[in-house]
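>>> I would like the atomic coordinates for the input below:
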Amino acid sequence: MTSVSIDSARAQLLGSEFRRSYGWLTGAMQRLVGSRHDAEDLAASAFTELALVDDIAVVRQPRALLTTIGRRLTWEFWRRRDLERDYLAQLALTPGHWHASPEDVCMAVEELVRIDAALAGLSARAREAFILSQYEELGYAEIAARLGVSVSMVRKYIAQALLACCGNA
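Okay, here's the model as predicted:
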């Protein structure tokens, strides 16, 4: 089969699956997130990920795969929404807080999502050490006492966290 015929078959398969399943997936996503607009965005993202599958012909149950992708995207959507809500709540508590523009909020939330993803790969203690260091501004000795570990272990935890955050930049 030539590259053109493979691309044509791929486009045809994706197009027919889109026509068959987009409405169904959007409805399922809407039941999860409660918003038609957000559901449409999630469904479109799920189809985008399906289109990126190297060999679409090996996907035997596209709806099952779309469901799995959609659930992961929904979890990420909820996590992002929670981070945004928490960020705005903390911003409102800041003395003399300024009103952030939607662009500033979006950039800050994107950075929080990136840091959250980077920290998710660390141990619970490494995450906690990093958070205590960066957000509660505790020193290494205080963190060590709180976590019940040595100061040198806190240094290792912080180094792991910084590497995870900077390595994902």
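
>>> contacts and neighbour counts: CA atoms only from here.
OK.

>>> around L50, how many other residues sit close by?
18 (other CA atoms under 10 Å).

>>> for the one helix or strand it maps to, packing partners?
Assigned by DSSP states H and E, L50 belongs to helix 36-51. Applying 3 or more CA pairs under 8 Å, 6 or more residues apart in numbering; DSSP states H and E, one finds that helix 36-51 contacts helix 3-33, helix 62-93.

>>> now for this protein, the helix or strand with the poorest mean pLDDT.
helix 102-120 (a mean of 83; mean pLDDT, DSSP states H and E).

>>> for it, packing partners?
Packing partners of helix 102-120 (3+ CA pairs under 8 Å, 6+ apart): helix 62-93, helix 151-167.

>>> how about the nearest residue to E40 once chain neighbours are set aside, what does it touch?
Among residues not flanking E40 along the chain, T26 sits closest, at 5.5 Å (CA to CA, 6 or more residues apart in numbering). Contact partners of T26, counting by CA atoms under 8 Å, 6 or more residues apart in numbering, are R36, A39, E40, L42, A43.

>>> buried subset of those?
Among the contacts of T26, those buried by neighbour count (16 or more other CA atoms under 10 Å) are A39, E40, L42, A43.
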